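> Take a look and give me a structure for this.
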Amino acid sequence: MNRKLSRGLTVSVMTIVILAAFSGCIEEEKETNITVEILKMLPEESESLTVFNLKAMREEPNLKEYYDVLTEEPQALILPYEDIDLVGACASSSGKFLILILKGTFGDTDIETARGECENVEHYKDAEIWTECGGYYSEVNSRVILNELVMLCKAENKESVKMAIDTIGGIKESVYDSDEDVRDVVNRLLPNGITTTIMKESYAGSWYGEIIVGFTAVKGNEDTVKFKMVLKFKTKEDAAEHGKEVMEEFDKEEMEISNLEMKQDKEFIEITGKLPIKNLSKFLGYS
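As a prediction, the model looks like this:
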């Protein structure tokens, strides 16, 4: 994806963690939309949202190259990647918090690894909040153990960490439940994506006047992924004016994109296409 389009869509989980360390609904039918499941855990004030389905990537041999790119920093998420199924990452533009939620089947060894070299623990409701942690990512200033989840946080204060815990517990509203723009975009994206990213204008700025943009990719045939990008504008007139600009940027790409189509629905622009799996990490700016 060219630089203009990819600037806000390249916030991988690993990039977010590195930034932190060095400072970063489809209605339920037959199955749950895991993207929505994770977004319902992310705090209301989140402005950058990313979901990765690592389990799906591991189970699809043709996605190995993309999986390898995402996991090339062996200690980036503290726990072994092979034990992590889903990752949700979120951040606020103010720097108030940067949070990663790891979901998997974690055993005792994983939990002890997550606690790591942390010195202090506070019990908050059903969670353990570990602080004063040493080791590889000492700048991730809180590690939270909550049932089947592990959460890595870089936050202004412990209240933001507790807010995140309360969001997971359903005590506070999530970004999905509270933000109509997020719901509008997510509900138009492909469900259960292997990778999904949503950026608000307040976080990444606006390239074409849109107020929010989302991107998701799902497994296509043996060699491709299907993708969909959704941009929401303030008015249908803005969408009509800028939709062709977005398509022109895609047409400039040398990514072997096929079946590229655009449609407008009121204030929304929706772009779909197919992309060779071998080009996915480069398209998203991860390599």
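> now the residue most central in space within the chain: how far from residue 115?
In the chain, the centroid-proximal residue (Cα atoms, centre = their mean) is residue 50; its distance is 0.7 Å. Here residue 50 is placed at a distance of 25 Å from residue 115 (Cβ to Cβ, to the nearest Å). C-beta coordinates here come from the backbone N, C-alpha and C atoms, glycine included.
> Check residue 248 too.
Taking Cβ to Cβ, one finds residue 248 at 51 Å from residue 115.
> still on that earlier bit, before we move on, which element is the residue nearest to the centre of the chain in?
strand 48-53 (DSSP states H and E).
> What is the neighbour count of residue 128?
16 (other Cβ atoms under 10 Å).
> From residue 255, how far off is residue 237?
For residue 237 relative to residue 255 (Cβ to Cβ), the value is 30 Å.
> Give me the more crowded residue out of these two.
Between residue 237 and residue 255, counted using other Cβ under 10 Å, the more crowded position is residue 255 (17 against 10).
> so the more buried one sits right up against residue 282, yeah?
Yes: Residue 255 is within contact range of residue 282, at 7.2 Å (criterion: Cβ atoms under 8 Å).
> Now do the nearest residue to residue 250 once chain neighbours are set aside, the pLDDT please.
Of all residues not flanking residue 250 in the chain, residue 260 sits nearest, at 6.0 Å (Cβ to Cβ, 6 or more residues apart in numbering). At residue 260, the model reports a pLDDT of 91.
> Which of the three states applies to residue 260?
strand (DSSP: H, G, I helix; E, B strand; the rest coil).
> likewise residue 211?
Per three-state DSSP, residue 211 ends up strand.
> sorry, back to before: what sits up against whichever helix or strand comes after the strand holding residue 50?
The C-terminal neighbour of strand 48-53 among helices and strands, as given by DSSP H and E, is helix 54-59. Contacts of helix 54-59 with the rest of the structure, by Cβ atoms under 8 Å, 6 or more residues apart in numbering, involve 63-64, 66-67, 70-71, 81-82, 84-87, 104, 192, 194, 219.
> Mind doing that once more with 10 Å?
Under the contact criterion Cβ atoms under 10 Å, 6 or more residues apart in numbering, helix 54-59 has outside partners 13, 34, 53, 63-68, 70-71, 77, 81-87, 102-105, 192-195, 218-219.
> now those: which count as buried?
Buried by 16 or more other Cβ atoms under 10 Å: 13, 34, 53, 63, 66-67, 70-71, 77, 81, 83-87, 102-104, 192-195, 218-219, out of the contacts of helix 54-59.
> So which of those belong to helices?
Taking DSSP state H, the ones among these that sit in helices are 13, 34, 66, 67, 70.
> from those residues, which has minimum pLDDT?
residue 13 (46).
> Settle this for me: residue 163 is touching residue 127, isn't it.
No: contact criterion Cβ atoms under 10 Å: residue 163 and residue 127 do not qualify, at 12.0 Å.
> any idea how far the residue lying closest to residue 165 once chain neighbours are set aside is from residue 177?
Distances taken as Cβ to Cβ, 6+ apart put residue 127 closest to residue 165, at 4.9 Å, once the chain neighbours are dropped. Residue 127 sits 20 Å away from residue 177, going by Cβ to Cβ.
> For these two, indicate the residue with more neighbours.
Counted by other Cβ under 10 Å, residue 127 and residue 177 do not tie: residue 127 has more neighbours, with 21 against 15.
> Run through the bridge partners of the more buried one.
residue 124 (DSSP bridges).
> and it, what is it in contact with?
With Cβ under 10 Å, 6+ apart, residue 127 has these contacts: 144-147, 149, 151, 161-162, 164-166, 168-169.
> just the helices in the protein please.
Using DSSP H, helices in the chain cover 3-6, 13-21, 34-39, 54-59, 64-70, 108-115, 158-168, 175-178, 180-186, 201-204, 236-251, 280-283.
> Next, the buried residues of the fourth one.
Buried residues in helix 54-59, counted by 16+ other Cβ under 10 Å: 54, 55, 56, 57, 58.
> Send me it as PDB with only the CA atoms.
The C-alpha trace of helix 54-59 is given here as PDB (Å, rounded to 0.1, in the frame of the first residue of the first chain):
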ATOM      1  CA  LEU A  54      -2.400 -15.500  15.000                       C
ATOM      2  CA  LYS A  55      -4.100 -18.900  15.400                       C
ATOM      3  CA  ALA A  56      -5.700 -18.700  12.000                       C
ATOM      4  CA  MET A  57      -2.300 -17.700  10.500                       C
ATOM      5  CA  ARG A  58      -0.600 -20.600  12.100                       C
ATOM      6  CA  GLU A  59      -3.200 -23.000  10.700                       C
END
